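In: With the input below, show me the fold.
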Amino acid sequence: MKKLLPFAALATVFACAAVAAPNPATATFQVQIKINKACSVVAGTSSNIDFGTQDPSATGLAANSSFSVTCSKKTPYFIGLAPSNASNAGLGSMTAQNVAPVTGNTDSVPYQLRSVSSAGAIWGDTATGTSVGNGVSGTGTGAPVPHPVFATIPGTGANVTPDSYADTVTIHVNY
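Out: The predicted model follows:
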C-alpha cells in the first residue's frame with residue numbers, strides 16, 4: 001500500500017491540472033433591444049386650411065396646408081382624413097360659428113379634401129394598417145415627412161348667411 005500511495009498522489013495532481021480553467025477565464029453575453037415601430041403626426045394651428053374672407057358669390061375656391069408624419073425607419077403608413085361629419089370620402093361641411101351679431105345660423109359650407117393638388121385625388125378616411133384606400137401612403141424615414149392637403153369649395157353661393165364657418169378634420173395615421 002505504501003508503494004501505491006505516491007502513484008495515487010501523482011494521479012491526483014495530473015487530474016487537477018487537466019481540469020484547471022484557463023487564465024483568464026472567459027464567457028460571453030449579449031446586449032439586446034427590440035425597437036417597436038412607431039408613428040406620430042404634427043398638425044397645429046399653422047396647419048389650418050384658411051380660405052380667407054370671401055364674397056358670397058365666390059366659386060371654385062381652393063386652399064391648402066400641410067402636416068408632418070414621423071414614423072420609424074422603413075415603417076409603412078397610411079393616412080386617412082376624417083371631417084367631423086365622419087365622411088369616409090373626405091367630403092366635409094363647415095358649420096356656422098354664429099359670430100356676433102349673427103345668431104341662429106344653421107347654414108353650412110361644403111368642402112372636399114384632396115391630395116397632391118386642388119384637382120388631385122379625393123383624400124378620405126378608408127386607409128387602414130394594410131391598405132391605402134382613398135388615403136395617402138408613405139414609408140417612415142425617422143424624420144418628419146410633410147404631407148400637403150388641399151381643400152376645395154365648389155361655390156358658396158348667395159344662399160349662405162354671412163358668418164364665419166369652420167370644421168375639424170381628424171388625421172388618422174395607421175401603421
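
In: Out of the helices and strands in the chain, which is least certain?
Out: Least confident element among the helices and strands of the chain, by mean pLDDT, DSSP states H and E: helix 4-19 (a mean of 52).

In: Residue 171 - how many residues pack around it?
Out: 18 (other CB atoms under 10 Å). C-betas here are computed from N, CA, C, even on glycine.

In: Kindly report the same for residue 107.
Out: Residue 107: 15 surrounding residues under other CB under 10 Å.

In: Distance-wise, check it relative to residue 95.
Out: According to CB to CB, to the nearest Å, residue 107 stands 8 Å off from residue 95.

In: so where do the strands sit in the chain?
Out: Ranges of strands within the chain are 39-42, 59-71, 76-83, 91-96, 108-114, 136-139, 145-155, 165-166, 169-174, based on DSSP state E.

In: do you know which of the ones you listed lies nearest residue 25?
Out: Of all the strands of the chain, it is strand 59-71 that lies closest to residue 25, at 45.8 Å by CB to CB.

In: Could you tell me how far that closest one lies from the centre of the chain?
Out: 15 Å (CA atoms, centre = their mean, to the nearest Å).

In: and the angle from it to strand 76-83?
Out: Counting by axes from the mean of the first three to the mean of the last three CA atoms, to 10 degrees, strand 59-71 lies at 140 degrees to strand 76-83.

In: quick one on the thing from earlier: now render the strands of the chain as TSV, adding distance to residue 128 and mean pLDDT.
Out: Written out in TSV, the entries for the strands of the chain read as follows (distance: least, CB to CB, whole Å; pLDDT from 0 to 100):
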stretch	distance to residue 128	mean pLDDT
strand 39-42	14	93
strand 59-71	16	93
strand 76-83	6	95
strand 91-96	20	95
strand 108-114	18	94
strand 136-139	11	95
strand 145-155	17	91
strand 165-166	28	96
strand 169-174	5	94
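
In: Of those strands, give the one that comes closest to residue 26.
Out: strand 59-71 (41.6 Å).

In: For that closest one, list every residue counted as buried.
Out: Buried residues in strand 59-71, defined by neighbour count with 16 or more other CB atoms under 10 Å: 61-63, 67, 69-71.

In: List just the nearest of those residues to residue 45.
Out: Closest to residue 45, out of all of those and judged by CB to CB, is residue 67, at 11.5 Å.

In: show me what contacts the closest residue to that closest one other than its chain neighbours?
Out: Nearest non-adjacent residue to residue 67, counting by CB to CB, 6 or more residues apart in numbering: residue 43, 3.7 Å away. Residues counted as contacts of residue 43 (CB atoms under 8 Å, 6 or more residues apart in numbering) are 67-68, 171.
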